[in-house]
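>>> sequence unavailable; structure follows:
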């Protein structure tokens, strides 16, 4: 049994989830904690001390539920300082008989690492999308094939070096150590938790809408092929309401959570319903028409989906075919948002909670914890990489672990 700890550091909260995983692919959640966080803005660190306190509070709550302390964590990252780009690697097969070995695979992936990125950025992930041997494309596992030239198309995720250093220092100040290769893109983590195997194969865009950032990951043929981060999300919806109606942000957040709608067209009845909120001075009351509030929310959401449409066009130029959308994250719980995304992007859309592992508690089976659960899945795949190369068993969780382990094996 291995103890895994996921630390999802977001703009509005820090979530910590502790799981116990076994080499045969079973995962049990034994502790979870969540704490408000005021130390980040749009995914960027602006107050390290506040962030350390939020990390300590979330971890302490999870440890209390688990019944033991933890020291090592897998950390999810989401920020405008993350970026992605496609890469291509080429390697001459060195064996006398021309047979591709695991060593050849690792070397061609390393060749893909040589993609040109600025000197102030570091590579977080290299995800092989497909291999080619002597021009034969579409190969998922080239080991054992014969040829003279091995190629790989890969998805590369990079991040600002200073951003990574500051996040690592902040986690260490909370008396935690980050696992080797334990810094994970939040978009990749969330997708692991919410996308089904069929969605990853057919072509799906996962959109994680949190408080400070919108994370996009496009999957096709089972692998991520494009990802991006928009530093605009739920907090800006709240800010728009606060400015438009001249009310405190706390009142705007309350109205958004209690009565918010993605569009006025989803008002079933009583479109003239008046909501009440305190004024900025706190001495009076402002009447907020619910229909008008929905119009303000819709305007900002349309901007977000316009950005998503542009990123999907970029994905199409990379040869990725997107046939559906999956929304997750706290802001995805806004009523009507899936229908609005379907209307604007013209493809099926659903709001998703973590679907692996099965048997999650009601509290954890929420879009808010998609990133945290995905981090655990990624950590389990990494820990059990040497043992997970055999037959895939029937458990859906085991299939996810096996899928992640496959591309991790290509890299490591």
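Structure received. All of these numbers come straight from a predicted model, not from anything done at the bench.
>>> checking residue 94 next. Helix, strand or coil?
coil (DSSP: H, G, I helix; E, B strand; the rest coil).
>>> dump the residue contacts of the nearest residue to it once chain neighbours are set aside.
In space, residue 94 comes closest to residue 104 once its chain neighbours are excluded; the distance is 7.0 Å by Cβ to Cβ, 6 or more residues apart in numbering. Any C-beta I mention is one placed from the backbone N, CA and C, and that applies to glycine too. When the contact criterion is Cβ atoms under 8 Å, 6 or more residues apart in numbering, the partners of residue 104 are 91, 93-95, 142, 150.
>>> per-residue pLDDT, residue 410?
Here the pLDDT value assigned to residue 410 is 50.
>>> drop anything exposed from the contacts of residue 104.
Buried members of these, counted by 16 or more other Cβ atoms under 10 Å: 91, 93, 142, 150.
>>> in strands only, show me those residues.
91, 150 (DSSP state E).
>>> ok so, going back, format the contacts of residue 104 as JSON lines; extra columns: distance to residue 52 and pLDDT.
Converted to JSON lines, these look like this (distance: Cβ to Cβ, whole Å; pLDDT from 0 to 100):
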{"residue": "91", "distance to residue 52": "44", "pLDDT": "94"}
{"residue": "93", "distance to residue 52": "49", "pLDDT": "90"}
{"residue": "94", "distance to residue 52": "49", "pLDDT": "82"}
{"residue": "95", "distance to residue 52": "51", "pLDDT": "84"}
{"residue": "142", "distance to residue 52": "45", "pLDDT": "92"}
{"residue": "150", "distance to residue 52": "46", "pLDDT": "95"}
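>>> how about stretch 344-354: buried residues?
344-345, 349-354.
>>> if we can go back for a sec, please compute how far whichever helix or strand the residue nearest to residue 94 is part of lies from its chain's middle.
Element membership for residue 104, per DSSP states H and E: helix 102-112. How far helix 102-112 lies from its chain's middle: 26 Å, per Cα atoms, centre = their mean, to the nearest Å.
>>> report the strands that pair with whichever helix or strand comes after that helix, each with its relative direction.
Helices and strands here follow DSSP H and E; after helix 102-112, the next one along the chain is strand 121-133. Neighbouring strands of strand 121-133 in its sheet, by DSSP bridges, are strand 136-139 (antiparallel), strand 149-160 (antiparallel).
>>> just checking, what packs against the helix or strand containing residue 301?
Secondary structure from DSSP H and E places residue 301 in helix 290-317. When contacts are defined as 3 or more Cβ pairs under 8 Å, 6 or more residues apart in numbering; DSSP states H and E, helix 290-317 packs onto strand 204-209, strand 214-220, strand 223-230, helix 234-245, helix 249-259, strand 274-278, helix 337-345.
>>> got the angle for that helix vs helix 249-259?
If you take axes from the mean of the first three to the mean of the last three Cα atoms, to 10 degrees, helix 290-317 sits at 80 degrees to helix 249-259.
>>> would you mark the buried spots in helix 290-317?
Buried positions in helix 290-317, judged by neighbour count with 16+ other Cβ under 10 Å: 290-294, 296-298, 300-301, 304-305, 308, 311-312, 315.
>>> after it comes which helix or strand?
Following helix 290-317 toward the C-terminus (DSSP H and E): strand 324-328.
>>> show me what that next one pairs with in its sheet, parallel or antiparallel.
Partners of strand 324-328 in its sheet, by DSSP bridges: strand 204-209 (parallel), strand 349-351 (parallel).
>>> chain center to the first one, what's the gap?
What that stands for is strand 204-209. Here strand 204-209 is found 8 Å from its chain centre; the criterion is Cα atoms, centre = their mean.
>>> residues contacting it, please?
78, 186-187, 190-191, 194-195, 214-220, 233-234, 304, 308, 312, 315, 322-332, 337, 341, 370-371.
>>> mind putting the strands paired with strand 324-328 in CSV, mean pLDDT and distance to residue 267 included?
Converted to CSV, the strands paired with strand 324-328 look like this (pLDDT from 0 to 100; distance: least, Cβ to Cβ, whole Å):
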stretch, mean pLDDT, distance to residue 267
strand 204-209, 97, 21
strand 349-351, 97, 19
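>>> any chance of TSV for those, columns distance to residue 241?
Output for the strands paired with strand 324-328, formatted as TSV (distance: least, Cβ to Cβ, whole Å):
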stretch	distance to residue 241
strand 204-209	16
strand 349-351	21
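>>> now the two most distant members of the buried residues of stretch 344-354.
Spatially, the most separated pair among the buried residues of stretch 344-354 is 344 and 354, at 25.7 Å (Cβ to Cβ).
>>> residues of stretch 237-249 that come out buried?
Neighbour-count burial for stretch 237-249 [16+ other Cβ under 10 Å]: 237-238, 240-242, 245, 247.
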